[in-house]
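Asker: Here's a sequence, model it:
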Amino acid sequence: MPLLPETVSRVDDLVARAHAGGRVPVLVAGVVRDGALAHVAAAGLEGPAAGLQFRIGSITKTMTAALVLALRDEGKLALDDLLYRHLPGTPVGAVTLRQLLGHAGGVQREPDGDWWERAAGVDVDTFLATLTADKVAYPPLHGYHYSNLAYGLLGAMVARLGGEDWPSMLAKRLLGPLRLDRTTYGPVEPFARGFVVHPWLDELREEPRHDAGAMAPAGQLWSTVQDMARWAAFLAEPDPAVLAPATVAEMCAPVVISDLDGWSAGHGLGLQLWRRGERVFVGHSGSMPGYLAILAVHRPSRTGVVAFGNAYTMHYGPSAAGGMSGFGLDLLDAVLDREPARVAPWHPRSSPPADIAPLTGRWWWMGREHEVGWAGGELVVTPLAPARTPWRFVPDGPAADVWRGRSGDNDGELLRVVRDGDGTVVALDIATFLLTRDPWPAGWPAR
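Answerer: Residues are numbered from 1 along each chain as shown. Model prediction:
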């Protein structure tokens, strides 16, 4: 469904203003709605924008994290494994994979040697051989400490467990299945050159485009608005053939809060988290010499933005501090403020199986009304007073009267069907909370 005309106008205006005020040669932004690229806006560019490559920097980390989680789902690792287990002998191995993914392991930001973003990278063996124990800056879980080095280590681990190098695994497991054909290890024409803008002369200096080598899993990739729109759509509504939706939801859960004063930002498993008022966005910012990028997604509405600029020095807002991230989050807020939420159509459903029908209808707990329905093979328990998010339950093993929660407050909890001596359903026991047909049953509050 296309964006409303007033939304398109606002997006175009924000891009034009950010381009002019940010002193960036080219600025391109795309809006994602309901799984598709709904609009592309560009400034400073003649010709097509959606397929032009930029370096995406640390958005690469979101894909490295997805590879780690895919290996976890295959049983090849656990998130609370120490790194030692999978990279034996490394002097920084006394941190868990979960801590590395969430920047909570205390590992220093950069590896030794020259600044990896502005120098040719080394191979994985050399990278691992030059590590020293002092690369742990803080004790694990001391707090948030962003670490590119952590993702170099995760990439090395992924390659060792997967039996092939990181670029090959990425292409096979993510880029190919999601048709991210213009997301590549190195630049492929047409691509935007990256620059630094002189602070008062408005002159451009082109930046180098080095191969990051062993640090590639932290920030190597090149991509386009069109491809990153597909990745944003995947984060909003995952394809189970690529990564389980529950796994992506796990990636979006906070591991550490990076803004302890305002609680407005944090990290999940490879994803940055931002709070804007009552909205929470997931995604990642990115930077490499000459390039800035942002990918942000509002999962409940399946809406996202991606934006790229080819100047590391882009200004936005009252100071340079806003940068590309501030622009992208403002852009996503502007879209959500103007676009009405998509209302899901109602569809009639078939009747529940005969053995399920006695579980449906109205139930009560502590004077509060609940409605139990049947949808897609799940029991759906909806608290009505006060209204709350429904709880969905699926059968739990062979026991016919035991169900496992899969959403809301009772995610992971058990629902047990309580029957009398004749086999009649008399109550639903949800994590010891007993729902009955009578709002004030005889013998209440005794069970």
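Asker: CA only for contacts and neighbour counts going forward, please
Answerer: Noted.
Asker: was I right about residue 334 contacting residue 10?
Answerer: Yes: checked against Cα atoms under 8 Å, the pair residue 334 and residue 10 is within contact range at 7.5 Å.
Asker: which neighbours do these two share?
Answerer: By Cα atoms under 8 Å, 6 or more residues apart in numbering, residue 334 and residue 10 have no common neighbours.
Asker: can you pull the contacts of residue 101?
Answerer: By Cα under 8 Å, 6+ apart, the neighbours of residue 101 are 65, 150-151, 154, 268-270.
Asker: How many residues are close by the nearest residue to residue 255 once chain neighbours are set aside?
Answerer: In space, and not counting its chain neighbours, residue 255 is closest to residue 268: 4.9 Å by Cα to Cα, 6 or more residues apart in numbering. Residues near residue 268, counting by other Cα atoms under 10 Å, number 23.
Asker: Surely residue 268 touches residue 248?
Answerer: No: checked against Cα under 8 Å, the pair residue 268 and residue 248 is beyond contact range at 10.2 Å.
Asker: about what we covered before: need phi/psi at the residue nearest to residue 255.
Answerer: The phi/psi pair for residue 268 (degrees, to the nearest 10) reads phi -100, psi -150.
Asker: who touches it in this structure?
Answerer: Each residue near residue 268 by Cα under 8 Å, 6+ apart is listed here: 101-102, 250-256.
Asker: Can you give me the separation between residue 261 and residue 252?
Answerer: 21 Å (Cα to Cα, to the nearest Å).
Asker: quick one, which of these two is more surrounded?
Answerer: Taking neighbours as other Cα under 10 Å, residue 261 and residue 252 compare with residue 252 leading, 22 against 8.
Asker: Let me know the pLDDT of that one.
Answerer: As predicted, residue 252 sits at a pLDDT of 97.
Asker: Once you drop chain neighbours, what's closest to it?
Answerer: Among residues not flanking residue 252 along the chain, residue 268 sits closest, at 5.2 Å (Cα to Cα, 6+ apart).
Asker: Could I get the full set of helices for the protein?
Answerer: 5-22, 60-73, 83-86, 97-101, 124-129, 148-162, 166-170, 216-219, 225-236, 245-251, 323-338 (DSSP state H).
Asker: so where's the protein uncertain?
Answerer: 113-119, 139-141, 318-322, 443-447 (pLDDT under 70).
Asker: other SSEs contacting the biggest strand by length in it?
Answerer: Longest strand of the chain, by residue count under DSSP state E: strand 279-288. Judged by 3 or more Cα pairs under 8 Å, 6 or more residues apart in numbering; DSSP states H and E, strand 279-288 is in contact with helix 216-219, strand 272-276, strand 291-298.
Asker: swap the cut-off to 6 Å and go again
Answerer: Where contact means 3 or more Cα pairs under 6 Å, 6 or more residues apart in numbering; DSSP states H and E, strand 279-288 is packed against strand 272-276, strand 291-298.
Asker: roughly how far apart are the residue nearest to residue 252 and residue 282?
Answerer: Distance from residue 268 to residue 282, by Cα to Cα: 9 Å.
Asker: same thing with residue 61?
Answerer: 13 Å.
Asker: before we move on, what about residue 92?
Answerer: 28 Å.
Asker: And residue 208, by the same measure?
Answerer: From residue 208 to residue 282 the distance is 30 Å (Cα to Cα).
Asker: returning to that earlier point: the more surrounded of residue 61 and residue 282?
Answerer: residue 61 (29 against 26).
Asker: Quick check, that one in contact with residue 216.
Answerer: No: counting by Cα atoms under 6 Å, residue 61 stays clear of residue 216, with 9.2 Å between them.
Asker: For residue 266, see how far away residue 135 is.
Answerer: In terms of Cα to Cα, residue 135 sits 22 Å off from residue 266.
Asker: cool, residue 333 as well?
Answerer: Going from residue 333 to residue 266 by Cα to Cα gives 18 Å.
Asker: Check residue 152 too.
Answerer: Residue 152 is 21 Å from residue 266, by Cα to Cα.
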